[in-house]
Structure formats: C-alpha cells, structure tokens
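*Asks:* here are the coordinates; sequence isn't available:
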Ligand SMILES: [Zn+2]
Ligand SMILES: [Zn+2]
C-alpha cells in the first residue's frame, strides 16, 4: 500500500524541486534549517528534535564501525511476475525508482562490525516505492539472515516501510512468512537479531520480521503500526487519539524495548550486541 | 486465607443446625428445596439453576465410570511445621476438620476410568478448611500427577479452594511451585491434564496448577480469581461490577475454555479426554 | 440474495419450478417445455460459471450460505470441542478453535469465523480478528505440538481488524508472532483457504506444510476494493483490481502459493454446501496423509523450504 | 524517616554529631565524652540489632533507602540495558528487566521495582505488578533460554496487585504461567529475595535452582498485616502474626525454602547500601558458579527436586 501514498505525495507536492536545496523546512516546527547542519546532526532538527528521514547510506554510516562495511545487497533484482498495471505498469515504476535511487530495490546493506561485533546490517529505503516489501526485498532479507547465521554475525535491520508491495500481490504477502521463518536460522546458532523501527513502519513489514527482534528499538516519534492511520480512520469513522501509533505509544503498550534518540542509537546498539553476541556474551568483552 | 472465611461464616450462621435437614434453601433464589431432590439433581437448584456446592464423594461419583474408582488419597497427613497458633492452634483446627469430614486433609480422589479413559481424579474439599492448600494437599496433587504420568493416565482436578493455607505460611506457598512443576511429568508423556474450576476457586490454587489445564472447564456462576472480592474492594475502595470474577466473566476474558453446566460436565469431560488421551487420540475410539 | 451475475440463472430456475408446480396442480403435461427450459438453464450455467471473471469469483467467495469454519468443523470433522480464550485478555469470536477428529485421528483446528446471520456477523466482527484471536490460534498451535496432533487452519477473513483497539494491543506483533509460531510447528500443518484470504490476517494462520484453496476462494495482499481505492483512486474499479491482483485459486496455483485446488460444485460452494464439504474432506485426507509420515525435523525443513522459495526475482 | 525502634540509635548518633561539631567550632577537647557516648551507641546498636523481632525485620525489609532492584542492577551488575514491554498489552513499571553483565558474563535479570521516591512509588504501583509485568518477566526467561544466559530474579513486592484490572487480565493465570515458565528454564536460575517476598506475586519469579535471601528480607504466603486482619481480626496484631508466620531469613533457611542468607550490615542494608550490595555480589557469584557446570537437563531435574521436596507432612 505504501507505493501509492508516496506517489500521491510526490504529485501533490510537485513544486518542491524549485526550492533551493540548501535549506530545508522542518516538518514539525517549520524552522528553516541549513541542509548541511541538518545532515551533520543526523537529520534531527536542531530546533525541536524532530527526526527526519535520512538516506540509507547515511544510516549505514552512522551505525557501522568506520571502514568495516561491505555491501551485500543489490544482486537481487525485482521482477514483475503478475505483469501488473494500474495507472502505470509496475515495470515502469520500478525503472523510475531504480533511476531515482540508483538501487535495484528498497533495501541496502551488507556485512560490517558494530562496536567490534560482526554483523549483517540491512536498511530499508523509503525513497524506493515507500520501502514496500516485494519479492526482491524479501529475498535480500532472507539471504541476509541466512548469511548472518552462516557467518556467525548478528543480524540488524532498520525498517522504514509502508508495508507489502501491492503490485506483487500474494507473492509480496508471502515475503512476510519467508522473512519471518528465515530468522529461525539465527535461533539455531544463538545469534541475535535486533530490529530498529523508524518513521514510518507499517503493514506487512511490522507484521513480520520487524516485530520479532530479540531486542526492538525505535526512533522517537516514528509512526509504527499494522494498519495505516487513514485506513483506521475510515474504519472507525472518528479521529485518532493524539500520539496514536507513535513510538512512545508503542513503548507504553509493551511492543518496544526502548525508544532511542538517533544520536544515541549506535551506542545502544553496540551495548545490546555485545551483550547478546556469543563473542561478547561469554568473554565479557 | 480461606480458612478464616469459613470459620466466620460458620460462627455467624451458627443456628443453621437447628433447621430440619430435609429441606434446603437455595442461596440464589431462596426457594425451599427438598434435599433429596437437590441431591438427585446434582445439587443444582431446580428452580433457578444455581449450582450449589456438592460433596466430594458425590462429585467423584458423578464424573467417573461406575465401579472404576479406587481411592489413592488419604495416606498423606498434614503436619504443623510452624507450630502455628492464632486464636486457636492450627493442630486443633486440623483435628476438628478431620473429625467433621472424615478426611486427613482437603483433597479426595483416586484412579478411575472416565468414559473408558484411564484417569487419576483429584477433588478439593471446600468443607475442609475452605479447601485451602497446605503441604499435604500439595503433596497429594504432586503425587497424583506423578502417578498419572507413570501409569499413562489422564490427570483431572476439580478445584474448590480459598487459596493457600496461611497456617503453613511459606510452606503452603511452595505448594504452588510444587504442584505446577509436577504437571510437567504429564507433558513428558503427552498425557492430558484437565482442570475443572468450581465455586469458589481463588488465591494460590487458581494461581498455580488449576490455571494450567490443557483444557480448563468451569461450572456456571463460580467465583474464580486471584484476590478475593473483599480484598479487591478494600484495595480500590469501590464496589465491584456485576458478574465480576464469575465463570462467564472469565470466559469472556479468555481464561476458560468452556463454562459447562454440571449436568453436562461428565459428557464434556469424556469428549475432551478421549480426544486428548493417547488411546483415544490415535485409535479414533 | 443472489449475486448479480447469478440472477438470470436464479430467475430461470424459478420459472422452471413454477412451471412444474403448475403442471402438477393442473395435471397437464409440460415435460417438453420443461426439458427445453432445462437445457437452456444448463447452457446458461455453463456459460456463466465456466467463464467466471476474477471479480465474480471474489463475489462467490463472499456469497451468503458459503460454508464457514464452523460448517467445516461440524461436517468435515467429528467430535468437535470448541476451546475458548487466549489466556491473557479475551476470547475473540472472530476465530473459532478447538479439538476435533479427522478420520478417527485427533487434530487441532483454528479458523476465522464470519457470522451466518447479520447478528452473528456483528458478534464475530465480520471475521476480522483482534490480537486475542491470533493468540487463541497460537495457543492451539501449542496444544497441537504438546500432543503431537496435526494442526489445520481454516482461512476466511477480509483481513485482521484495522481499528484502534487492535493497534493498541499489537495487531502487527501478534500476526508476526503467529506466523513464526506456525512456522515452528513440529507437527503436520495444513492451511485451507475457504473463502477470503485477506492479507496478513489470513497468512497469520496460513503457514502450512501444504496450503489448499477452495476453487472460488481468493488470497491476496489486499482486497480488490482497497487496491482499487489506492491505485485507481476509485473503489468501483475493484473488478479491474481483482484482475490485476491475480488472486484466484488457479492464479495462486500457478504462482506456487497453493498446492491444491478443492473443486466446488458448479455455481459455487454455497449452492451445494454438502457436496463442497465432501470434496474438502477428500482433499484434506489426501494432503494430510503423506505429512503424517514425516518427522518433526522433516516437517520443519519442508515448511521452511516451501516458503523460502516464494516470490519472483530476477538475478543479475 | 527512621523506623520506630531505630529512633534511640538515631538520636544518639545525632547527639554525637552535634557534640563533634561543637568541639570543632569552639576548639575544645570533648574526645573523652564522645568516646563514652560512642561506646554507649555501640552497646545500644548491638542490643537493638542482635535481637530483632520478626516484625522489626519486616520493617527493615521495607525501610526507605534499602537497595531496590535498580540499585542492584546498577551496582552488582554492569552494562545494564533495560528491556521493556510484554509484546502484548503494556509495559509494567512494577517489574524492571533486561540484559546485564555479571563477572563478565551476560545474564538476564528481572525484578520487582518499588519507587525510591513517593512519586516513583505511585508510578511503579508500589512494586505490585499487573499481569503485564509477569509477562515481561516470562519474555526475559524466553530470552535467557534463547541465548543460554543465566536468569536472575530480584524479589521485592508486597504482592501481585489485587485490583479489577489485574483480575480482568488474568492475574492468577499469569502467575501460574510464570511459575511454570521459570520451572522450565534450561539455564541456571537464581532468585534473590531483596526485601519483601509477598506471596504468589513473589513466587512467580522465585523458582530458582537456588534461592537467596537478604538477612532482613521476608517471604511468606501473606503479609503479617493481612494475616493479622484475617486470623486475629485486627491488623494491629501484625507483630504477632509475623512471629507466627516465621517469615524471616533464618526461619526460611531452617524450613529449607532458601539456600543462602546474604548478611546485611548492622542495622540493615539501608544503612550501608554499598556494603550490602557487595555482599550480595559475592553471594550471587558463589551460588551461580556451580550451576554453570550443569547441563540443561540437570538444571531442570535439580529445580524440580528442589521444589518437589518443599513442605512438611506426616505420613500414616
Ligand atoms: Zn523542528
Ligand atoms: Zn435457586
């Protein structure tokens, strides 16, 4: 469902491209922020602390030990098994997204160390079709879990997704089972899986691997849920309560281990991984 | 905590003994019922369907196949490990209850078949110290589960208890762990455990073995809970909602498999046991 | 209550019935006329039902009178004992579950339940479970593993309930947990799509070693209506969305998502429920039998392999 | 905030302090007088604390400033990462849980948490968990088994919360489940009674291979006040009830319910928390070490044997 939400937004916003790219407006407090400052601050608004979306490359850079990252994703390309077409053929859309992001599909990551712990990190790219999970994304996730298990690595995912990719219909639905079941390869080896939820994570991604971390962390203020707020509003025909489906709400309702500000995320992840990964757990590293 | 509630009731009611024993008043609809009729109706009020307490002997008789019952309980006698005394020494109280009921402690049962399925059935006796669980009751339960496991029998308990027996303090608390852990002997052999809850079942009995049936059945209108209603009222200082902690309330809240009228209980139990016990499960008996 | 495309058939059937009654009452012989009409009916039915569009099948999957989980439990299985509750929060009537016997053998069953009347439908939330329903289903999976009984799920839901209460209690979490729990079953697991297989709410109990589907059932990541509302921005384009989503039994078989299609009587299971249920019994028996010979480890491996292969990607 | 029986000691301590200050300010030598008073203080302390009644120990177990679960996590363990939530309904602040390191080794810890201020005490419901708290603890046990880490529980609760909301969500059920879950741990399990061990709410996380207790902690099927209210019909008889219930560390050791008493500094752990916590670290290390050598099956057997023997009966 995510794909379209993104399309629509892009269409109605349209003009954004004309604004000089040096400045960005914080969507929360509307402050004009110098883009370089924002990036230096990990895309967290220096005025109000709002966490903006960040590029997957920056996300990887902020989490891994410098120089340790080797990309593993990219060889799996999406297909169009249903020859799906709505107002535009799926194949066309894919091409556009590939051009725009320079990626095969909505996921990016690879092997690395995090605080010295060997890991395999996969980050979903919301800029590619709303981070929706089709067969290629599911395949990268399953391979990632399997590779981590085979190589004795911790598995870490950073979710940002509108859900399953409608244009692959039931095949995208099946990715929920595939990714979930692949996690059990880590169980057999007693290797940890840490799931990090960012804004937004909804639908089939929340309802599969992303909800099953041994430890689940989320960024502040992130929208996280099963159904999107619009669907829920349509169902119940009333407004949603303040803060509904935000990280802090989910923490209160027992779904998350911690809400962690972006600036502290790497440190928290290192702490968790070094406690859970066999190397750190026994040696007292 | 049950013990005292019973004492008090007995004291304040006192005079009950003078009423001719041929008639009984239904505590729900206040109808006067001929006692023989009530017994023939399994102690269910023919006027309003209220389930009155029944003797453990009658309970066993209504559940087992005729002629199949052999008592196993009785050899374990309660002790007074703390030399407990409040307004009366515990040893005295025990003696009084033993005289009144003709039983060593608040539990009665043995081996039997139920619809042809080999079983070990244990029934708690509310008339003995409010069915409270001390070391002797816990020991009978643990032995019962162990014997059922060793002999390939289903294990069935009928709970009626005000909770743990205060006069044995922490030793009665430990019976919660002992009885719970004994159930795992049945797990190892894939033998079923069916828990039947009757009025009232509260405290340490609900919070241990009785809540852990593979299938949990309850009689209509039975009071079932952790804390007693009086304790809750004192804590929250307001009245309790209608129907609170009754079987039907617990069914709605997901704690029970079924609420079964007493007249149907044996039949339901047979159905469940023949599905769960290895003999009935594979053969299709 | 006939579906729109069924109406000409229903009308013709009514005409034939009237004619027969008239002939009997009046003692006249109209057998030639009736035979002619019956031939016409036969042709009309063939025409209509052998070329069903995907959207028409979706409507059949929702037809009133179509066998529900409880109908299956009462007719395909025997000795059904319903078990209630998730032992944590509530009993969810949108999922029905319990112990039953299949060909003499004890099994554990859980399935979505729609109401068979409007009142029941409201009680059962139109077959849309809350988290409690999935927790009840997981409890059943525990029971199946505990006793070594096969686990059979019956899928018939528009989807998991998308409301505030469900979100508050972790709808996404419980679906993920249920997928994981079912994937870990150490006993044979069958999933049967009876009617509607709506998205994650269906998949939550769909992780079988084998997945069966009734001929007119559908299974998709999203309902045609919602898909049309989003992609075409017009729910009325549901028929087109249904085509695009390739959500019918035959599509799913081709995609490798289901293993067996259970044939329905002509016109759909709601026209002859007993015949449909008899076919279902045969299909379950046929799929269950080989699984009973596998060890727990083989079953786990088999299930993993089955879902691991799902999807279509192009390798560079 | 001194306990009643501590007051003479506290007053004498204050007097000595004043005298010292006076001597310093005025430059006079009062060392003889101070020494006399200190001897008197020493005698008074010895007298008071070496003959504590059971009821006095109950008060020490509740003394403000006594180390809580979080104090233990911060001082006895290192690298504590708190984990939240039961993944079903809520996060219960009355139970604190997470990962930590003990002597370099990863462990999982869960314990009741009382507030260290009044405001925090309200937030933490005075250490009385709802069902969500026990489900969080069970999730920790799952985590311990999953990674093969020892599980350590810290007990300090007047009891599980006896309120409507807790009953609605199955307080009895979750306690039973937690006892069962902890009994099934395939890793070493230690339970430490830090302060109050109130009934089933304590036992729910008390099923350790070894059970340790702080010298002034208590553990009983019911609090002395409630027991007195019921049996003596007068909560003021709590002191007498405490005697009857035999709920102190020494009693419990004699009854075989605890394996080790962790000595507290004279006057109780609240007087010298750091010293108390250092003793606790030593005790945990000593009890954990032999358990680390046992296989999962040995641990299960050991735990079953331990609790199977509990109780006192007369055989006919
Ligand atoms: Zn801002
Ligand atoms: Zn009556």
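*Replies:* That came through, no problem. What you see is a predicted model, and the numbers here were worked out from it, not measured in a lab. Numbering: from 1, shown residues only, chains lettered A, B, ... in the order given. Ligands and ions are numbered 1, 2, ... in the order given.
*Asks:* how about residue 201, what does it touch?
*Replies:* Reading this off chain A. A:159, A:160, A:161, A:210, A:222, A:223, A:224 (CB atoms under 8 Å, 6 or more residues apart in numbering or on different chains). Placement of C-beta: from N, CA and C, glycine included.
*Asks:* wait, I meant chain C there
*Replies:* C:112, C:128, C:129, C:157, C:158, C:159, C:160, C:161, C:175.
*Asks:* How about residue A:218?
*Replies:* Per CB under 8 Å, 6+ apart, neighbours of residue A:218: A:196, A:197, A:198, A:224, A:247, A:250, A:251, A:256, A:258, A:259, A:260.
*Asks:* and the gap between it and chain D?
*Replies:* 11 Å (CB to the nearest CB, to the nearest Å).
*Asks:* which residues does that residue bridge with?
*Replies:* Residue A:218 forms beta bridges with residue A:197, residue A:259, as assigned by DSSP bridges.
*Asks:* Show me what the lowest-mean-pLDDT helix or strand in chain C is packed up against.
*Replies:* Lowest on mean pLDDT, DSSP states H and E among the helices and strands of chain C sits strand C:313-315, with a mean of 85. Applying 3 or more CB pairs under 8 Å, 6 or more residues apart in numbering or on different chains; DSSP states H and E, we find strand C:313-315 packed against strand A:76-78, helix A:135-151.
*Asks:* that older thread, redo the contacts of residue A:201 as CSV? Include distance to ligand 2.
*Replies:* Below are these laid out as CSV (distance: CB to the ion, whole Å):
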residue, distance to ligand 2
A:159, 59
A:160, 63
A:161, 60
A:210, 55
A:222, 58
A:223, 56
A:224, 53
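*Asks:* I would like a PyMOL command selecting only the buried ones among the contacts of residue A:218, please.
*Replies:* Entered in PyMOL, the line below selects the buried ones among these, by 16 or more other CB atoms under 10 Å in any protein chain shown:
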select buried, chain A and resi 196+197+198+224+247+250+251+256+258+259+260
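*Asks:* Identify the residue spatially nearest to residue A:268, adjacent ones excluded.
*Replies:* residue A:260 (5.0 Å; CB to CB, 6 or more residues apart in numbering or on different chains).
*Asks:* Show the contacting residues for whichever residue of chain C sits closest to ligand 1.
*Replies:* Going by CB to the ion, ligand 1 is nearest to residue C:167 of chain C, at 26.4 Å. By CB under 8 Å, 6+ apart, the residues touching residue C:167 are A:225, A:226, A:227, A:232, A:244, A:245.
*Asks:* would TSV of those residues with neighbour count and secondary structure be doable?
*Replies:* TSV is the format used below for those (neighbours: other CB atoms under 10 Å in any protein chain shown; DSSP: H, G, I helix; E, B strand; the rest coil):
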residue	neighbour count	secondary structure
A:225	28	coil
A:226	31	coil
A:227	28	coil
A:232	21	helix
A:244	16	coil
A:245	23	coil
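*Asks:* check those residues against chain C, which are close?
*Replies:* Filtering the contacts of residue C:167 for proximity to chain C by CB under 8 Å from any CB of the partner chain leaves A:225, A:226, A:227, A:232, A:244, A:245.
*Asks:* Around chain D, pick out the residues from chain A.
*Replies:* A:187, A:190, A:192, A:214-215, A:251-258, A:268, A:271-272, A:274-276, A:280-284.
*Asks:* among those, which are in helices?
*Replies:* A:187, A:251-252, A:268, A:271-272, A:274-276, A:280-283 (DSSP state H).
*Asks:* Nearest spatial neighbour of residue C:2, chain-adjacent residues omitted?
*Replies:* residue C:10 (4.5 Å).
*Asks:* wait, isn't the one you found in contact with residue C:4?
*Replies:* No: using CB atoms under 8 Å, residue C:10 makes no contact with residue C:4, being 10.6 Å away.
*Asks:* Neighbour count for those two, which is higher?
*Replies:* residue C:10 (13 against 8; other CB atoms under 10 Å in any protein chain shown).
*Asks:* Ramachandran angles for the more buried one?
*Replies:* The phi/psi pair for residue C:10 (degrees, to the nearest 10) reads phi -60, psi -40.
*Asks:* Let me know the pLDDT of it.
*Replies:* Each residue has a pLDDT score; the one for residue C:10 is 90.
*Asks:* ok, now residue C:204?
*Replies:* Reported pLDDT for residue C:204: 98.
*Asks:* picking that back up, which stretch among the helices and strands packed on strand C:313-315 is buried most, on average?
*Replies:* helix A:135-151 (a mean of 24; mean count of other CB atoms under 10 Å in any protein chain shown).
*Asks:* Specify the angle between the helix or strand just after that one and helix A:135-151 in degrees.
*Replies:* Following helix A:135-151 in sequence order, the next helix or strand is strand A:154-161 (DSSP states H and E). Strand A:154-161 and helix A:135-151 are oriented at 160 degrees to each other (axes from the mean of the first three to the mean of the last three CA atoms, to 10 degrees).
*Asks:* Direction included, what does strand A:154-161 pair against?
*Replies:* strand A:117-124 (parallel), strand A:193-201 (parallel).
*Asks:* picking that back up, identify whichever of the helices and strands packed on strand C:313-315 lies nearest to ligand 2.
*Replies:* helix A:135-151 (61.5 Å).
*Asks:* Columns mean pLDDT and distance to residue B:77 on top of the strands paired with strand A:154-161, output as a markdown table?
*Replies:* Output for those, formatted as a markdown table (pLDDT from 0 to 100; distance: least, CB to CB, whole Å):
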| stretch | mean pLDDT | distance to residue B:77 |
| --- | --- | --- |
| strand A:117-124 | 98 | 59 |
| strand A:193-201 | 98 | 54 |
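*Asks:* pLDDT wise, what is the residue lying closest to residue A:22 once chain neighbours are set aside at?
*Replies:* Spatially, and ignoring its direct neighbours in sequence, residue A:22 is nearest to residue A:35 (5.6 Å; CB to CB, 6+ apart). Residue A:35 carries a pLDDT value of 91.
*Asks:* residues in contact with residue A:35?
*Replies:* So residue A:35 contacts A:21, A:22, A:23, A:24 (CB under 8 Å, 6+ apart).
*Asks:* how far away is it from chain C?
*Replies:* Counting by CB to the nearest CB - residue A:35 and chain C are separated by 32 Å.
*Asks:* What parts of the stretch 101-250 of chain C come near chain A?
*Replies:* Near chain A, when you scan the stretch 101-250 of chain C using CB under 8 Å from any CB, you find C:160-164, C:166-173, C:175-177, C:179-180, C:183-184, C:199-200, C:203-204, C:206-207, C:219-222, C:226-227, C:230-232, C:241, C:244-247.
*Asks:* Which ones among those residues map onto strands?
*Replies:* Per DSSP state E, strands hold the following members of those: C:219, C:220.
*Asks:* In helices, which of the residues of the stretch 101-250 of chain C next to chain A fall?
*Replies:* C:164, C:166-168, C:171-173, C:175-177, C:179-180, C:183, C:199-200, C:203, C:226-227, C:241, C:244-245.
*Asks:* out of the residues you listed, who's near ligand 2?
*Replies:* The subset of those within reach of ligand 2, by CB under 5 Å from the ion, is empty.
*Asks:* and those, which are buried?
*Replies:* Using 16+ other CB under 10 Å, the buried ones in these are C:164, C:166-168, C:171-173, C:175-177, C:179-180, C:183, C:199-200, C:203, C:226-227, C:241, C:244-245.
*Asks:* What's the local residue count around residue A:52?
*Replies:* 18.
*Asks:* wait, residue C:46
*Replies:* The number of residues near residue C:46, taken as other CB under 10 Å, comes to 11.
*Asks:* ok, now residue A:33?
*Replies:* 19.
*Asks:* which residues does it bridge with?
*Replies:* Going by DSSP bridges, residue A:33 forms beta bridges with residue A:24.
*Asks:* Correct me if wrong: it contacts residue A:22.
*Replies:* No: Residue A:33 lies out of contact with residue A:22 (CB under 8 Å); the separation is 10.1 Å.
*Asks:* so who does the residue in the stretch 151-300 of chain C that chain D sits nearest to touch?
*Replies:* For the stretch 151-300 of chain C and chain D, the shortest gap (CB to the nearest CB) falls at residue C:173, measuring 5.6 Å. Residue C:173 makes contact with A:206, A:207, A:211, A:255, C:131, D:87, D:88 under the criterion CB under 8 Å, 6+ apart.
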